[in-house]
Structure formats: C-alpha cells, structure tokens
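Visitor: Fold the following and give me the result.
(one chain, ligands or ions: 1)
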Amino acid sequence: MSNTNQQWGGRFSEATDAFVARFTASVDFDQRMYRQDIQGSIAHATMLAKVGVLTDDERDAIIDGLTEILGEIERGEFEWSVELEDVHMNIEAALTKKIGITGKKLHTGRSRNDQVATDIRLYLRDELAVILSELTRLQQGLLDVAEREADTIMPGFTHLQTAQPVTFGHHLLAWFEMLQRDYGRLADCGKRLNVMPLGAAALAGTTYPIDRAYTAELLGFERPSENSLDSVSDRDFAIEFCAAGSLLMTHLSRASEELVLWTSSQFNFIDLPDRFCTGSSIMPQKKNPDVPELVRGKTGRVNGHLISLLTLMKSQPLAYNKDNQEDKEPLFDVIDTLQGCLRAYADMVPAITSKKENMREAAMRGFSTATDLADYLVRKGVAFRDAHDIVGRSVAFGIAESKDLSEMTLEELRQFSEVISDDVFDVLTLEGSVAARNHIGGTAPDQVRAAVARAREVLAAR
Ligand code: ARG
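Guide: Numbering: from 1, shown residues only. Below you'll find the model as predicted:
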C-alpha cells in the first residue's frame, strides 16, 4: 500500500505509523498562524501570477479559495486534521478540495521550509505590535501615578535597609526607565525580524523566475533575505524576542516583588484595589496580591523558554531541520505570557494608591536623613570622614533615645559637633532632603515632574 499523504506520499511504500503521524504533527499548536499562512499564500500566488507562472484566473481562484477558508476558520467551521500534519498542509489540502487542480499549483516555487519561516515572522510581527502597545499603555499609567505621587515621601532602600528618603514618583520612574529599555529591545527585534525568507524554498532557492522584492513588498517586509540556507534555518529572531521578553519579565518580577512587600502589613505602603487581589479560603482576613505574585512566578517559564530555544538551535547543521518545529510552543507561550502580564499590569498600575502617612513614618524611622546631616557638616568645613563619624554617633544617640535626627533639639545635636546651628533643621526634614537632590535623575519633586514631562514626549513620539 502506498502512502496516502497527498503532499509528499509519492515515494513512500507504506502508510505512516499512526503514532508517528501524531508525534510529528504540529497542527494542534501551529494552527494559530492560520491568518499569516493565508496572507503569505495570497502574496505568493499574486507574485507567481505577476511573473507568469500562474495565470490571472488561477491566481484569482486561489485567492478566492483561501479567503473562503479564512472565513471558515474564523467561524470555527474548519476541520483540522492531524493526518495533514501542520497548518500549512491543512490549508493547502482544503484549497485543493475547494478549487481542484489549481490549488495544487499554489506550492510552486515554495517549500514548507520557507513558508513556515515566513509565517512565524509574520505572526510574531503581529503579536509584537500588541505587546508594544500594551507596554506603552503600562508606561503611560506609570507616568500618571508618578506625577500624582511626585511629592510623596518614602524610604529609599539599599540592602532593603532604609537608606535615604526618596519620592514615590521617583521610584515609579525607575520602573519606567527599565520598561523603556525593554521597549527599545523589543522594537529592535521587530526591525530585525522583518526580513522575508519566502523564495528560499527548501534551502537552495527555486528555478522559477520569482520576484522576491515584490512578495516582500506585498507582505510589508523590509526586504527579501540575502541567503536561502540562512533563511530557512534562522530562528534568531525568536530567541532574541524571548531574551528581550526575559528581561521584561525580570523587570516586572522585580516590580512585583516590591508590590508584594509594600502591600504586606509589615510595610503597609500601598493599596491594590480588591479586583486585583484574592482572598484565602481559610483565613478570612487575607487579601493576597495574586497578580504581582503570578507575574513574578511566570518569569520562570519565560526564562525557561529562552533556554529551550537556545538549546534547540545550538547543534543544528544548516539548513532546515525538523527540530525547528519545536520553536513554536515556547515562542507562543512567551507571547501569551507577555501579553497577559502586560495587560494585568497596565490595568493595575493606575489603580495603585499610596498610604502616604505610613511611607512617611517609615522614612522617619530609619535615620534616612543621616547623609544629609553629613553633607551639612561638610558644607560647614568638616572633612567627610569626620562628618560620617559625628553623624554615626548622633544616630547611636537617636537609637538609644528613640528619636529621629530631626526630632532632636539643637542642644542634643551640638553634643556631637559645635558647627551645627539652627539651619540644620532645613536639611534634616524629609522634604528638605528630597528637595535638595535637585538635578536631572534626582529624587526632588520638581525633577520628578520634569522627568514625567520628558517621558511623555518620548511616548508621544512612538
Ligand atoms: N511543521 C513544520 C515546522 O513547523 C513545517 C515545516 C516542515 N518542513 C518539512 N520539510 N518537514 O517546522
């Protein structure tokens, strides 16, 4: 008995083992690229007619057939078949069933190898646009909250120990900067992936007089790829996307960690609205920050997918190998994960409310203006190391007396240095401390507002 596979069964003398057919099929997961597969096929047929390989009537029949199939898939009427292996052969077989022998001409001058390479690029390009717009929405939300919280004072930390007072707006702008770099990396990946593999055929190119520049133009690609072997085997763009995705998730995960800390009763710095939290089935008092926790957790799977793809590629000889079919599930999951996490974050961030009194009190508790006192002494002529020691002793006194530096009397402060006078209280207040860091990148409320204004211009130019 010969093999019944219409697309490649000719040279086979027995049917594919039923398990092997299922084992090697990708249709369950690659069907999500149906729109891009049809888009690529329509462009290919249009080009084939332009160069005279297909007649205009054949082209039109193919385009009409594919357009009908698109409708069927979108209405959920299309029957996917595992025997037909993947999205490409399912759609091609349906076309032939619909329009007859002309359908069999679509694959002229093309291979599934350049077809799949094209489809994934088109697919990722579309999904990347969604990711970039959600990322922008999140960044806009951050700017709104940062502006609202430009004057809100909180402790800034190093080693998670109170270090110096900062404004909450300034802290949120740090997140903004992290995401700004992520945007740049993802946008850059989008430029590099926008090169068209179609025309490479199986690996060596094709003998038909194809016009690759024309197909590239039809599909919105920057240009046709330069080398056919590279075109069918390159998955750098997927790896690059996952790497950029890993960094983005790392940033969201760090932000999540802070949200989890800040919503805890120990910190009690912020509130997340109930709609982003869940309760406990046993402990009635609980309100858990599930969204940040889940985002933090999902970072692991994205990192894992990056390693999967790197490992998938590392030993492949040129050109296409079936290994490459394994690129899709990790890639798709990274896309889904990024879209989900960004959407949740973009919805949640504008709804963060600060508990200003608690933040302020925490900043007060940790001697966060100690550096300001040292800087004050330096301005009065004390060497920095001596100033450091004087402040250290003042802090020790404060710990013993349960007093912040700003709560000590002038008398008490002067025990440690005679150069201290009345004006010291201008620098010991939290407001004085943040306002004094008044330069680009500093935490002063005015700087936060200026940074928000600059960032808004950057977003407007996207
Ligand atoms: N389903 C395959 C993939 O995802 C399509 C290309 C298969 N090409 C081949 N010659 N077997 O990579």
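Visitor: Now do stretch 39-53: everything it contacts.
Guide: Outside stretch 39-53, the residues within contact range by CB atoms under 8 Å, 6 or more residues apart in numbering are 54-56, 58-59, 62-63, 66-67, 91-92, 105-106, 108-110, 115, 118-119, 122, 198, 208-212, 214-215, 218-219. Quick note: C-beta positions are derived from backbone N, CA and C, even for glycine.
Visitor: Just the buried subset of those residues, please.
Guide: 54, 58-59, 62-63, 66, 91-92, 105-106, 108-110, 115, 118-119, 122, 198, 208, 210-212, 215, 218-219 (16 or more other CB atoms under 10 Å).
Visitor: So which of these are in helices?
Guide: Members of the buried ones among the contacts of stretch 39-53 lying in helices (criterion: DSSP state H): 58-59, 62-63, 66, 91-92, 115, 118-119, 122, 212, 215, 218.
Visitor: Next, the buried residues of the helix or strand harbouring Arg301.
Guide: Element membership of Arg301 [criterion: DSSP states H and E] is helix 290-313. By neighbour count with 16+ other CB under 10 Å, helix 290-313 contains the buried residues 290-293, 295-296, 298-299, 302-303, 305-306, 308-309, 312-313.
Visitor: Check which helices and strands the lowest-mean-pLDDT helix or strand in the chain is in contact with.
Guide: Lowest mean confidence among the helices and strands of the chain (mean pLDDT, DSSP states H and E): helix 424-428, at a mean of 91. Applying 3 or more CB pairs under 8 Å, 6 or more residues apart in numbering; DSSP states H and E, one finds that helix 424-428 contacts helix 370-379, helix 430-436.
Visitor: Which among those is found nearest to the ligand?
Guide: helix 430-436 (55.2 Å; CB to the nearest ligand atom).
Visitor: what sits up against the helix or strand that that closest one is followed by?
Guide: As assigned by DSSP H and E, the chain's next helix or strand after helix 430-436 is helix 445-460. Outside helix 445-460, the residues within contact range by CB under 8 Å, 6+ apart are 136, 139-140, 143, 146-147, 150-151, 167, 169-170, 173, 176, 180, 434-435, 437-441.
Visitor: Let's see that with 10 Å instead.
Guide: Outside of helix 445-460, the residues within contact range by CB atoms under 10 Å, 6 or more residues apart in numbering are 136-137, 139-140, 142-153, 166-173, 176-177, 180, 183, 431, 434-435, 437-442, 444.
Visitor: Can you select the buried ones among those residues for me in PyMOL?
Guide: Selection of buried members from the contacts of helix 445-460 for PyMOL, criterion 16+ other CB under 10 Å:
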select buried, resi 136+137+139+140+142+143+145+146+147+148+149+150+151+152+153+166+167+168+169+170+171+172+173+176+183+434+435+437+442+444
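Visitor: Keep only those of the contacts of helix 445-460 that are in helices.
Guide: If you go by DSSP H, the contacts of helix 445-460 have 136-137, 139-140, 142-148, 168-173, 176-177, 180, 183, 431, 434-435 in helices.
Visitor: Next one: stretch 26-40, is it in contact with the ligand?
Guide: Yes: residues of stretch 26-40 contacting the ligand under CB under 6 Å from any ligand atom: 26, 30.
Visitor: First-to-last residue distance for that stretch?
Guide: The straight-line separation of the ends of stretch 26-40 (CA to CA, to the nearest Å) is 19 Å.
Visitor: Identify each buried residue in the helix or strand harbouring Ser253, please.
Guide: Element membership for Ser253 (DSSP H and E) is helix 236-263. Of all the residues in helix 236-263, those buried under the rule 16+ other CB under 10 Å are 237-253, 255-256, 258-263.
Visitor: what's the answer for stretch 335-342, then?
Guide: Using 16+ other CB under 10 Å as the test for burial, stretch 335-342 gives 335, 337-338, 341-342.
Visitor: Just the closest of these to Leu405, please.
Guide: Nearest to Leu405 out of the buried residues of stretch 335-342 is Cys341 (CB to CB; 41.4 Å).
Visitor: what's the following helix or strand after the helix or strand containing that closest one?
Guide: Cys341 belongs to helix 328-348 when assigned by DSSP H and E. On the C-terminal side of helix 328-348, the closest following helix or strand by DSSP H and E is strand 353-354.
Visitor: which other helices and strands contact that next one?
Guide: With contacts taken as 3 or more CB pairs under 10 Å, 6 or more residues apart in numbering; DSSP states H and E, strand 353-354 sits against helix 112-148, helix 168-193, strand 270-271.
Visitor: which parts of the stretch 101-250 of the chain sit against the ligand?
Guide: Counting by CB under 6 Å from any ligand atom, the stretch 101-250 of the chain sits next to the ligand at 112-113, 116.
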